[in-house]
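S.K.: Here's my sequence, what's the structure:
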Amino acid sequence: MSALTAQSSIGEWLDHPEGGAAISGLLAQTGADAASLDPVRALPLQQLVALSQGKMPQSVIDDLVRSVNGGEIPEEAAPTGWQERVSTGRFDGRTIIVTGAASGIGRATASRIVREGGRVIAVDVSAEKLEDLAAAFPSGAVVAVRADVTEQGDIERVVAAAGGRIDGLANVAGINDDFSPIHETSDAIWDRVIGINLTGVFKLTRAVVPVMLEAGQGSVVNVSSEAGLRGSASGNASTVSKHGVIGLPKSAAFMYAKLGLRVNAIAPGGVATGIPFPANVSEAGSARLQPFQSSIPSLATPEQLAASITFLLSDDGVNINGAILPSDGGWSVQ
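M.R.: Sure thing, here's the model as predicted:
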């Protein structure tokens with residue numbers, strides 16, 4: 001039996017006599033059990049750091065690996081399963097705006113675009129995390145713009161930072177709601193979720209389309225979610241906002257189909273990003289949603305979602321316009 005490492009899947013750990021015992025012991029400290037990890041069995045153990053939303057430091061993973069390897073951290077074996085394969089030059093000479101770029105899906109998307117030759121205008125509300133992203137690449141490859149996509153002045157700064165050329169836009173920024181049904185949804189939750197998830201997407205798309213029309217080409221990809229395809233994936237505000245994020249590309253794709261623009265959306269299922277939920281999650285909404293959310297086939301990594309987004313952004317998606325791509329591991333067909 002090969003050694004367990006941080007890149008071994010969670011399933012491999014759970015199925016290993018010593019690995020399963022080590023993880024069960026860790027989970028017992030939080031009142032959880034091994035069954036809670038069923039949706040993430042295919043992910044590497046390392047992904048638990050992101051999934052913990054900051055509660056699990058890297059040292060916990062390192063200690064787990066040492067505990068089943070005689071106190072040592074062995075060399076990683078050749079990776080198995082899906083591996084990101086960069087298409088060199090796919091975005092050469094192109095400028096792509098990516099919102100939510102400081103973490104999760106947005107960061108993975110920005111990273112892949114840069115590694116495939118593109119220049120990214122990275123947009124987020126976290127200046128510190130944007131600076132960290134920019135520092136990971138050669139100077140000028142990532143232009144960091146700290147911005148709130150719901151503010152028109154910030155939208156104008158984002159467009160100005162692109163310097164007159166915008167080949168693509170990935171509207172990734174988004175937040176969760178509190179799982180509330182409509183009779184419990186507060187004005188605060190509604191305004192914030194609709195503002196970031198839908199109004200921000202509308203405002204930034206509206207701002208970049210004239211630049212793309214002048215160039216006679218451009219690609220926009222919105223990130224919706226499973227909540228944009230059904231009513232049983234999230235609360236009222238998120239469901240409405242993500243349905244709107246699907247309606248926008250359908251309308252825009254129709255309007256600009258003969259003018260060189262492509263506008264599409266992806267609908268992720270469960271993704272290991274660590275996006276936090278608001279405080280005071282609705283008990284009624286959570287109870288109603290739980291049986292349906294528990295049917296998620298598996299969680300994806302941000303890099304897997306970035307593969308779907310960059311496909312649609314790039315010329316590889318040349319004949320795809322107005323499409324909604326479920327990137328959800330098959331959840332939407334259940």
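
S.K.: residue ranges for the helices of the chain, please.
M.R.: 10-15, 17-28, 48-51, 58-67, 104-115, 127-135, 152-161, 187-194, 200-215, 236-256, 283-293, 302-313 (DSSP state H).

S.K.: winner for burial among these?
M.R.: Across the helices of the chain, averaging neighbours per residue (mean count of other C-beta atoms under 10 Å) puts helix 104-115 on top, at a mean of 26. Placement of C-beta: from N, CA and C, glycine included.

S.K.: What helices and strands are in contact with that one?
M.R.: For helix 104-115, the packing partners by 3 or more C-beta pairs under 8 Å, 6 or more residues apart in numbering; DSSP states H and E come out as strand 95-99, strand 119-124, helix 127-135, helix 302-313.

S.K.: Mind checking those for the one nearest to residue 157?
M.R.: In terms of C-beta to C-beta, the element of these nearest to residue 157 is strand 119-124, at 9.3 Å.

S.K.: Please put the alpha-carbon coordinates of the closest one into CSV.
M.R.: The C-alpha trace of strand 119-124 is given here as CSV (Å, rounded to 0.1, in the frame of the first residue of the first chain):
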residue,chain,number,x,y,z
ARG,A,119,-3.0,40.0,-18.8
VAL,A,120,-5.5,40.0,-15.9
ILE,A,121,-7.3,43.0,-14.4
ALA,A,122,-7.8,41.4,-11.0
VAL,A,123,-10.8,42.9,-9.1
ASP,A,124,-11.7,42.3,-5.5
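
S.K.: Can you tell me which helices and strands that strand packs against?
M.R.: Packed against strand 119-124 by the contact rule (3+ C-beta pairs under 8 Å, 6+ apart) you find strand 95-99, helix 104-115, helix 127-135, strand 142-146, helix 152-161.

S.K.: From the chain's centroid, how far away is that strand?
M.R.: Centroid separation between strand 119-124 and its chain, computed with C-alpha atoms, centre = their mean, to the nearest Å, is 15 Å.

S.K.: Then stretch 263-273?
M.R.: 6 Å.

S.K.: quick one: residue 223 and residue 156, what's the gap?
M.R.: Taking C-beta to C-beta, to the nearest Å as the measure, residue 223 falls 22 Å from residue 156.

S.K.: Run through who's touching stretch 65-81.
M.R.: Contacts to stretch 65-81, defined as C-beta atoms under 8 Å, 6 or more residues apart in numbering, come from residues 2-7, 9, 16, 18-19, 22, 42, 45, 62.

S.K.: and the gap between the residue nearest to residue 170 when sequence neighbours are not counted and residue 4?
M.R.: Nearest residue to residue 170, sequence neighbours excluded (C-beta to C-beta, 6 or more residues apart in numbering): residue 98, at 4.6 Å. Residue 98 sits at a distance of 35 Å from residue 4 (criterion: C-beta to C-beta).

S.K.: ditto for residue 12
M.R.: Here the criterion is C-beta to C-beta. By it, residue 12 lies 7 Å from residue 4.

S.K.: shared neighbours of the two, anything?
M.R.: Shared contacts of residue 12 and residue 4 (C-beta under 8 Å, 6+ apart): residue 19.
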